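Visitor: Could you work out the structure for the sequence below:
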Amino acid sequence: MVSLDITAVQAAIEPNDYTSKKNMKRAFSKYLIDAKRQWSAKFHLAVFPEFLGTFLYPGLFSKINNPQGISKLLLRYVLGNFSFTSPNPFKGAFLKNAIFVERTYREVFSELAEQFNAYIIAPSIFLPEITFESAKGWHITKPNLYNMSYFFNPQGQLLAKIKKQRLTVLETKLIFSGDNEQPQIVTTAFGKVGVLICYDMFFQDIVQAIDVSGVNILAVPSCNFASWKEPTKYFPEKTQEQVWFLHGTIKAGERRENIRYIVNAMAVGKLGKDVAEGRSTIWKDGRLLEIAKSWNKPEVISAYVEI
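Guide: As a prediction, the model looks like this:
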């Protein structure tokens, strides 16, 4: 058996954190400093929320002052980076700066993984497929945009790029692509890790595929803009929190063949009219190990486990 610290970083939405590589690294290192105080195991796994990496686009290439909401912030970026060479101007604006944005994102979390000697699942970001080849350098291999998270080891090496498979209505409207391949499994020194980005956790066929592949730990970066303590549209007798746990983390973790632990990292904070809420959690076999105290403030929670 090996010991592992599982950490969920409940990170705040702060657009000013994304105006430079230096600012971004400083902002996210604060969470890891907090996490490190809680660590005592041989290995450490830190999971960040969904979407936050995408703020690099307006942070580096647009104005972020006085945002009225996330969609308007991204629209301001698109209008300022309009691409006349793309049949889809919205997508083209992201592709235009994707290589520089990807490098900043990759370098920040690679360096943090090495600095804190931890496995890191970075906050997801809207990116195309980008790779390096000696003759071409860094270049885009597919012009599709994905909601994806990068997974780093403690040496700062990129282990995997995990794409979101099932898209929300808003993501579909924005012309992002889902990934129809089988869920990607990452074999580490402490076991097999599966990553499902937010909405994917609620689809049983995806969870089943993860489970039968031998995954011990399921990591779920998330960002929720529904009111956490209010009744939901489809289940008016339950709050968003209750539905999230019952249909999401509990259902994904209980009575599984291989999945033992689930770590769900939530984003929090207000940007104009948009409010992200949620309580980050860590589960074992469908039972709660750790839960964030607040659903609207940043926090770091960790659990020591043996696998």
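Visitor: just for the stretch 51-200 of the chain, where's the confidence low?
Guide: 169-180 (pLDDT under 70).
Visitor: go with 90
Guide: 63-68, 71, 75, 82-91, 142-144, 166-184 (pLDDT under 90).
Visitor: just the strands in it please.
Guide: 119-121, 125-133, 137-152, 158-163, 185-188, 191-195 (DSSP state E, counting those that start in this stretch).
Visitor: Can you give the contact residues for stretch 108-120?
Guide: For stretch 108-120, contacts defined as C-beta atoms under 8 Å, 6 or more residues apart in numbering pick out 21, 24-25, 28-29, 32, 35-36, 43-46, 48, 122, 150-158, 188, 193. Just so you know, the C-beta spots here come from the backbone N, C-alpha and C atoms, and that holds for glycine as well.
Visitor: Using PDB, list the CA coordinates for it.
Guide: Output in PDB follows, covering the C-alpha atoms of stretch 108-120 (Å, rounded to 0.1, in the frame of the first residue of the first chain):
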ATOM      1  CA  VAL A 108       2.600  27.600 -14.800                       C
ATOM      2  CA  PHE A 109       1.300  24.200 -13.700                       C
ATOM      3  CA  SER A 110       4.300  22.300 -14.700                       C
ATOM      4  CA  GLU A 111       6.500  24.600 -12.600                       C
ATOM      5  CA  LEU A 112       4.000  24.400  -9.700                       C
ATOM      6  CA  ALA A 113       3.900  20.600  -9.800                       C
ATOM      7  CA  GLU A 114       7.700  20.400  -9.600                       C
ATOM      8  CA  GLN A 115       7.900  23.100  -6.900                       C
ATOM      9  CA  PHE A 116       5.400  21.400  -4.600                       C
ATOM     10  CA  ASN A 117       6.400  17.800  -5.600                       C
ATOM     11  CA  ALA A 118       2.800  17.000  -6.400                       C
ATOM     12  CA  TYR A 119       0.600  15.500  -9.100                       C
ATOM     13  CA  ILE A 120      -1.600  18.300 -10.300                       C
END
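Visitor: ok now that stretch, how far from the chain's centre?
Guide: How far stretch 108-120 lies from its chain's middle: 15 Å, per C-alpha atoms, centre = their mean, to the nearest Å.
Visitor: just stretch 268-283 next, same as before
Guide: Chain-centre distance of stretch 268-283: 13 Å, with C-alpha atoms, centre = their mean.
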